[in-house]
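Visitor: No letters, just coordinates:
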């Protein structure tokens, strides 16, 4: 998703481009996958988390940013688990979805606590489904929805992860 974010544009333009791509991914998946149809129109309401958790607005915002970082940093691990499952399926090995389902479960707890309903829906799918093509779509949707939550934090995190990858 970052391939089109070149240095000739301002940071705010690159963030807007990233956000636009995230919306396109959500729209595509919400059209193609009936179980995820509601993710495109979803808008997170911080007030719900503030009221139900009885914590300050700034703290909820920080926790949401931390959640976005968590999703973006675990994306590679999710993708590796799915790739391993695909390879094992080709080799007719017994498929072990446990690591993938456990990682989704860990992320689900945070999404539920913060009342991020689109992420909840996607993570439940990642936790329960066993079709690797569908799981890849769910992962793509999870990342896109995280970008939509906090686009600037997502952009900064993706850039930082890219820098770390070069070392």
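Guide: Great, that's in hand. Owing to the predicted nature of the structure, the values given are computational and were not obtained by experimental measurement.

Visitor: helix or strand right after the top helix by length along the chain?
Guide: What stands out as the longest helix in the chain, according to DSSP state H, is helix 57-90. Following helix 57-90 in sequence order, the next helix or strand is helix 98-113 (DSSP states H and E).

Visitor: by contact count, what packs against that following helix?
Guide: In this structure, helix 98-113 packs against helix 57-90, helix 117-128, with contacts taken as 3 or more CB pairs under 8 Å, 6 or more residues apart in numbering; DSSP states H and E. C-beta coordinates here come from the backbone N, C-alpha and C atoms, glycine included.

Visitor: would you turn those helices into CSV with distance to residue 10 and mean neighbour count?
Guide: Output for the helices and strands packed on helix 98-113, formatted as CSV (distance: least, CB to CB, whole Å; neighbours: other CB atoms under 10 Å):
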stretch, distance to residue 10, mean neighbour count
helix 57-90, 21, 16
helix 117-128, 28, 21
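
Visitor: TSV for those, including mean pLDDT and distance to residue 144?
Guide: Formatted as TSV, those follow (pLDDT from 0 to 100; distance: least, CB to CB, whole Å):
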stretch	mean pLDDT	distance to residue 144
helix 57-90	96	10
helix 117-128	96	9
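
Visitor: Export those as TSV, with columns for distance to residue 104.
Guide: As requested, the helices and strands packed on helix 98-113 are arranged in TSV below (distance: least, CB to CB, whole Å):
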stretch	distance to residue 104
helix 57-90	8
helix 117-128	4
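
Visitor: Out of those, which gets nearest to residue 16?
Guide: Residue 16 sits nearest to helix 57-90 of all those, at 16.8 Å, using CB to CB.

Visitor: just the angle between the closest one and helix 98-113, please?
Guide: Calculated by axes from the mean of the first three to the mean of the last three CA atoms, to 10 degrees, helix 57-90 forms an angle of 160 degrees with helix 98-113.

Visitor: so what secondary structure elements neighbour the longest helix of the chain?
Guide: helix 46-53, helix 98-113, helix 117-128, helix 132-149, helix 151-166.
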